[in-house]
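1. what's the 3D shape of this:
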Amino acid sequence: MSASERREQLVAVGRGLFAEKGYEAVSVEEIAAEAGVSKPVVYEHFGGKEGLYAVVVDREMADLLGRVQAALVPAHPRAMLQSVVLAWLDYISTETDGFRVLVRDSPPGMAEGSFASLLRDVAARVAGLLADEFDRRDLNKKQADMYAQKLVGMVANTGMWWVDVRRPKRDELAAHLVNLAWNGLAHLDGKPSLTKPA
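-> I've put the predicted structure just below:
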């Protein structure tokens, strides 16, 4: 194999092992054995397990974020919401190992490149679009950040559940997510309050 082919092989092996076992449970020895190489080859390409993990996470984050950004095309808000939900579920369907790597805890000391930072990035982009929509509807656009967190959290947590159960099918799940989010957003109370206990 050429150096670039070997590097890609090691990324694929690491991705699969990190998805299956998690970062802490995987060793350089295991990565090397699975790839059919010696440990020094892993060190030569990535400097160790941490470097390989960082490459895997960076690629997965770029893939998922790219899909979500491409779906955030200003159109009718419901169509955009549906597009984002489908992009998220498509990523989970086609890149299940990558999604499993992202949702596992990041190694200690790795503040950036974590699933939480990815969700913050997505929520920030959604908040900007929501602020515009809130402004058009005479709602408090300062609350757009809070609602973006809720929407992103709802889709992300549902995806974390769905990656294992895979039911209902993608389109049905997407329809239910859009239904909950859209009908909730469509009937948003400008000044919500809790009901008093009887």
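2. tell me the buried residues in the helix or strand bottoming out on mean pLDDT in the chain?
-> Within the chain, no helix or strand scores below helix 115-136, which has a mean of 90 by mean pLDDT, DSSP states H and E. Using 16 or more other Cβ atoms under 10 Å as the test for burial, helix 115-136 gives 115, 118-119, 121-123, 125-127, 129-131, 133-134. From N, CA and C alone the C-beta is placed, and that goes for glycine too.
3. ok, now stretch 145-155?
-> 145, 147, 148, 149, 151, 152, 155.
4. same check on stretch 68-86?
-> Buried, per 16+ other Cβ under 10 Å, within stretch 68-86: 68, 71, 72, 77, 80, 81, 82, 83, 84, 85, 86.
5. low-confidence ranges in this protein?
-> 105-113 (pLDDT under 70).
6. the nearest residue to residue 35 once chain neighbours are set aside: what's it in contact with?
-> Leaving aside its sequence neighbours, residue 35 sits nearest to residue 13 (Cβ to Cβ, 6 or more residues apart in numbering; 4.6 Å). Applying Cβ atoms under 8 Å, 6 or more residues apart in numbering to residue 13 gives the contacts 31, 34, 35.
7. would you check that the last one makes contact with residue 10?
-> Yes - at 5.6 Å, residue 35 counts as touching residue 10 under the criterion of Cβ atoms under 8 Å.
8. shared neighbours, those two?
-> Counting by Cβ under 8 Å, 6+ apart, the common neighbours of residue 35 and residue 10 are 41, 42.
9. these two: which has the busier surroundings?
-> When neighbours are counted by other Cβ atoms under 10 Å, residue 35 and residue 10 differ, and residue 10 comes out ahead with 23 against 19.
10. wait, isn't the more buried one in contact with residue 43?
-> No - judged on Cβ under 8 Å, residue 10 makes no contact with residue 43 at a distance of 10.7 Å.
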